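Colleague: Next one to model:
(one chain, ligands or ions: 2)
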Amino acid sequence: MTRERIYLFDTTLRDGQQTPGVDFSVEDKIAISNLLDEFGFDYVEGGYPGANPTDTAFFSRKRTERASFVAFGMTKRAGISASNDPGLSTLLQAQSDAVCFVAKSWDYHVRVALGCSNDENLESIRDSVQAARGASREAMVDCEHFFDGYKANPDYALACARTAYDAGARWIVLCDTNGGTQPHEVREIVAAVIAAGIPGTALGIHAHDDTGQAVANSLAAIEAGCRQIQGTLNGIGERCGNANLVTLIGTLCLKDVYASRFETAIDPERLSRLSSLSHAFDELLNRSPNHQAPYVGASAFATKAGIHASALLKDPKTYEHVAPESVGNFRKVMVSDQGGKSNFINALKRRGIEVAKDDPKLDTLISIVKEREASGYAYEGADASFELLARRTLGTIPEFFSIEGFRVMIERRFDSLGRIKIVSEAVVKIVVDGETHMSVAEGDGPVNALDKALRKDFGKYQHEIDDLMLADFKVRILNGGTEAITRVLIESTDSSGVRWWTVGVSENIIDASFQALMDSVIYKLMKNRELAGKIAAE
Ligand SMILES: CC(=O)SCCNC(=O)CCNC(=O)[C@H](O)C(C)(C)COP(=O)(O)OP(=O)(O)OC[C@H]1O[C@@H](n2cnc3c(N)ncnc32)[C@H](O)[C@@H]1OP(=O)(O)O
Ligand SMILES: CC(=O)C(=O)O
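Modeller: Ligands and ions are numbered 1, 2, ... in the order given. Next up is the predicted model:
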């Protein structure tokens with residue numbers, strides 16, 4: 001059976017830019033448009049030329065090689081001609097392959113927001129589309145509030161879509177601008193638009209996630225006949241976000257109900273880069289990835305539960321709806337107090353540690369982990385501390401150094417100008433080959449001072465930890481109150497680019513931090529000797 005083509009339209013750089021807290025520079029836009037273009041999107045909407053200096057500069061030249069590069073802007077204003085509208089002129093001067101107009105399709109909005117007549121709005125739609133076509137651009141129209149508009153006045157909403165279509169727009173995009181429409185309504189209204197004479201091959205869907213239905217609404221529109229989907233990377237966008245294209249791509253390519261009927265430009269090779277696309281975008285945004293994101297999240301194929309792990313190891317299909325590697329993700333069988341022997345054997349095997357199921361040391365390790373987790377440790381997020389604990393319990397690890405003690409002092413004082421100054425100072429004594437090394441350091445806060453002092457003089461190991469860097473530091477107070485237990489998680493990295501997590505738990509935040517720092521240093525020394533850190537693919 002020939003499959004019908006679904007076109008993927010990315011609006012990360014336009015609607016995504018309307019996300020609270022997101023503010024792209026021209027350089028960011030260039031990097032993101034390269035990612036999108038290489039990945040294989042059909043359309044990349046770059047922004048609104050003329051609305052701000054960044055978008056105007058971004059459209060000074062075409063930014064995509066493969067994808068159609070789209071400029072967004074509003075239809076001409078009522079009361080002036082298309083050729084005299086400065087906003088429209090700027091839009092048509094921008095270097096783009098296509099222009100996507102936003103047009104009102106709800107009569108209430110025409111009256112209240114535009115303050116013109118329904119006919120004047122239709123004229124704006126028609127003249128704007130014709131102007132874009134006259135400037136040799138592919139024209140498309142985002143019919144803003146289409147679903148709400150259709151519910152209020154179906155004839156007028158349809159007239160807006162029809163006017164755009166008759167004027168030569170390649171795509172009429174039905175927008176759920178306020179994000180409140182439900183999937184059954186999308187299905188019914190798209191069917192009505194097609195019944196009114198606009199073919200599905202000219203219809204797109206633009207859904208917002210205000211009721212958590214943006215992906216479901218996009219799929220409902222596809223089922224009803226739309227052939228273009230607008231959305232964003234990782235679902236960023238105004239308010240609650242847009243339809244998440246990463247999720248939609250996974251579903252369209254891997255779920256038979258869609259994959260058997262439709263095709264996109266995303267072939268299996270591109271699909272296997274879906275996780276890295278999503279993570280690269282988070283990296284550019286300087287955001288932590290959503291671990292629970294469908295398909296691409298770190299937890300999407302992770303299990304803690306012993307019963308699941310046991311079956312997964314017999315056959316992954318028992319607990320996986322698709323193969324993780326199809327989207328470039330990994331299976332993760334984690335160790336925690338929810339795990340049985342299967343979780344542990346698998347986690348150890350990944351780290352190159354072989355242990356038999358009936359080895360009593362395995363039982364010892366499991367009970368240590370379960371006891372420690374009951375007292376506040378969390379090993380599922382601290383891979384390096386787990387590996388050190390396992391190696392200590394099952395075999396031996398070299399004793400590189402020992403700690404004689406540490407002291408941290410915090411002083412709040414006034415400087416000569418009477419300003420408050422907080423000074424943190426730490427002293428650490430370590431013993432290497434029987435020789436005591438004492439280091440003192442000041443830092444931005446007590447943990448920073450302690451870290452600096454700990455790593456200041458490691459004797460013969462000093463050169464080995466010079467490239468050790470702390471990438472992240474997370475503190476969690478367990479049980480609440482000032483007498484509570486504190487858990488500290490530290491993410492470390494080095495010049496090899498490898499990252500590892502360590503954990504410390506104590507009633508004292510400084511002591512918890514010190515434990516996590518110590519584990520990080522020991523792991524680094526083990527890793528340097530290839531005694532730890534070798535992760536095998538599952
Ligand atoms: C649903 C969406 O996401 S649509 C995209 C929304 N995105 C943005 O608005 C981001 C970029 N926008 C901007 O930077 C500015 O709004 C600009 C530069 C486009 C316009 O700025 P200004 O001229 O100062 O107008 P302002 O933002 O105050 O108001 C929007 C104007 O556009 C008019 N307008 C809105 N939609 C349309 C439309 N589809 N067609 C014609 N005019 C429209 C409004 O009636 C209003 O006119 P008014 O100034 O006469 O009241
Ligand atoms: C066009 C658009 O972004 C919307 O209607 O939501």
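
Colleague: so where's the stretch 251-400 of the chain shaky on pLDDT?
Modeller: For the stretch 251-400 of the chain, not a single residue meets the criterion pLDDT under 70.

Colleague: how about the helices of it, start to end?
Modeller: 256-259, 268-271, 274-285, 306-314, 341-350, 360-374, 383-394 (DSSP state H, counting those that start in this stretch).

Colleague: Make TSV out of these and add distance to Tyr48 and mean neighbour count.
Modeller: Using the backbone N, CA and C atoms, a C-beta is placed for each residue, glycine as well. Formatted as TSV, the helices of the stretch 251-400 of the chain follow (distance: least, C-beta to C-beta, whole Å; neighbours: other C-beta atoms under 10 Å):
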stretch	distance to Tyr48	mean neighbour count
helix 256-259	32	13
helix 268-271	28	14
helix 274-285	20	20
helix 306-314	47	18
helix 341-350	47	21
helix 360-374	51	15
helix 383-394	44	22
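
Colleague: what's the closest of these to ligand 1?
Modeller: Comparing those against ligand 1 with C-beta to the nearest ligand atom, the closest turns out to be helix 274-285 (19.0 Å).

Colleague: Identify the residues contacting that closest one?
Modeller: 12, 22, 28, 31-32, 35, 39, 233-234, 236, 246, 249-250, 288-289, 293, 295-296, 327-329 (C-beta atoms under 8 Å, 6 or more residues apart in numbering).

Colleague: Extract the C-alpha set from it and format it as CSV.
Modeller: Backbone C-alpha positions of helix 274-285 (Å, rounded to 0.1, in the frame of the first residue of the first chain) are rendered in CSV as follows:
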residue,chain,number,x,y,z
LEU,A,274,16.1,11.3,17.8
SER,A,275,17.4,11.1,21.4
SER,A,276,20.6,13.0,20.5
LEU,A,277,18.5,15.7,18.7
SER,A,278,16.4,16.2,21.8
HIS,A,279,19.4,16.3,24.1
ALA,A,280,21.4,18.6,21.9
PHE,A,281,18.5,21.0,21.9
ASP,A,282,18.3,20.9,25.8
GLU,A,283,22.1,21.5,25.9
LEU,A,284,21.7,24.6,23.7
LEU,A,285,18.9,25.8,25.9
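
Colleague: What is the least confident helix or strand in this structure?
Modeller: Within the chain, no helix or strand scores below strand 332-333, which has a mean of 78 by mean pLDDT, DSSP states H and E.

Colleague: Name the SS class of Tyr461, please.
Modeller: helix (DSSP: H, G, I helix; E, B strand; the rest coil).

Colleague: Was I right to think it contacts Lys524?
Modeller: No: counting by C-beta atoms under 8 Å, Tyr461 does not reach Lys524; the two are 9.2 Å apart.

Colleague: More neighbours: the two, which one.
Modeller: Regarding Tyr461 and Lys524, a neighbour count based on other C-beta atoms under 10 Å identifies Lys524 as having more, with 23 against 17.

Colleague: any idea how far that one lies from ligand 1?
Modeller: Lys524 is 48 Å from ligand 1, where distance means C-beta to the nearest ligand atom, to the nearest Å.

Colleague: just Ala94 next, same as before
Modeller: 13 Å.

Colleague: from what I can see that residue touches Ala57, true?
Modeller: No: at 10.5 Å, Ala94 does not count as touching Ala57 under the criterion of C-beta under 8 Å.

Colleague: who's more crowded, those two?
Modeller: Taking neighbours as other C-beta under 10 Å, Ala94 and Ala57 compare with Ala94 leading, 25 against 14.

Colleague: What parts of the stretch 151-300 of the chain come near ligand 1?
Modeller: Counting by C-beta under 6 Å from any ligand atom, the residues of the stretch 151-300 of the chain lying close to ligand 1 are Thr177, Glu238.

Colleague: interface residues of this structure facing ligand 1?
Modeller: Residues of the chain found near ligand 1 (C-beta under 6 Å from any ligand atom) are 15, 18, 48, 51-52, 74-75, 77, 102-104, 113-114, 124, 144, 177, 238.

Colleague: I'd like to know which of the residues you listed are buried.
Modeller: By neighbour count, with 16 or more other C-beta atoms under 10 Å, these hold 15, 18, 48, 51, 74-75, 77, 102-104, 114, 124, 144, 177, 238 as buried.

Colleague: Am I right that His437 falls within a strand?
Modeller: Yes: under three-state DSSP, His437 sits within a strand.

Colleague: State the pLDDT value of it.
Modeller: Among the per-residue scores, His437 holds a pLDDT of 94.

Colleague: how about it, what does it touch?
Modeller: So His437 contacts Lys429, Ile430, Val431, Asp457, Phe458, Gly459 (C-beta under 8 Å, 6+ apart).

Colleague: ok, now Gly241?
Modeller: By C-beta under 8 Å, 6+ apart, Gly241 lies in contact with Thr19, His208, Asp209, Ala214, Thr232, Gly235.

Colleague: any idea which of those residues is least confident?
Modeller: pLDDT across the contacts of Gly241 is lowest for Thr19, at 95.

Colleague: That one - nearest residue in space that isn't next to it in sequence?
Modeller: Nearest residue to Thr19, sequence neighbours excluded (C-beta to C-beta, 6 or more residues apart in numbering): Ile236, at 4.5 Å.

Colleague: how close does that neighbour sit to Ser326?
Modeller: 24 Å (C-beta to C-beta, to the nearest Å).

Colleague: Also Met409?
Modeller: Note on Met409: its distance to Ser326, by C-beta to C-beta, is 55 Å.

Colleague: Who has more neighbours out of the two?
Modeller: When Met409 and Ser326 are compared for neighbours, Ser326 comes out ahead with 15 against 12, by other C-beta under 10 Å.

Colleague: hang on, the more buried one packs against Leu254?
Modeller: Yes: using C-beta under 8 Å, Ser326 is in contact with Leu254, at 6.2 Å.

Colleague: what touches both of those two?
Modeller: Leu271.

Colleague: contacting residues around the closest residue to ligand 1 within the stretch 301-450 of the chain?
Modeller: Using C-beta to the nearest ligand atom, the closest approach of the stretch 301-450 of the chain to ligand 1 is made by Val327 at 29.2 Å. Counting by C-beta under 8 Å, 6+ apart, Val327 touches Gly250, Leu254, Leu271, Ser272, Leu274, Ser275, Tyr295, Val296.

Colleague: let's see 6 Å
Modeller: Residues in contact with Val327 (C-beta atoms under 6 Å, 6 or more residues apart in numbering) are Gly250, Leu274, Ser275, Tyr295.

Colleague: got the residues you listed as a markdown table, with distance to Pro316 columns?
Modeller: Converted to a markdown table, the contacts of Val327 look like this (distance: C-beta to C-beta, whole Å):
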| residue | distance to Pro316 |
| --- | --- |
| Gly250 | 17 |
| Leu274 | 18 |
| Ser275 | 17 |
| Tyr295 | 15 |
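
Colleague: Check those residues and tell me the two furthest apart.
Modeller: Using C-beta to C-beta, the two most remote members of the contacts of Val327 are Gly250 and Ser275, lying 9.7 Å apart.

Colleague: shaky segments in the protein?
Modeller: 479-483, 535-538.

Colleague: Which positions in it make contact with ligand 2?
Modeller: Asp15, Val102, Asp142, Glu144, Cys175, Thr177, His206, His208.

Colleague: which pair in those residues spans the largest distance?
Modeller: Maximum distance among those (C-beta to C-beta): 13.7 Å, for Val102 and His208.

Colleague: in the stretch 1-150 of the chain, which spans are helices?
Modeller: Using DSSP H, counting those that start in this stretch, the helices of the stretch 1-150 of the chain run over 26-39, 53-58, 86-93, 107-109, 118-134, 146-152.
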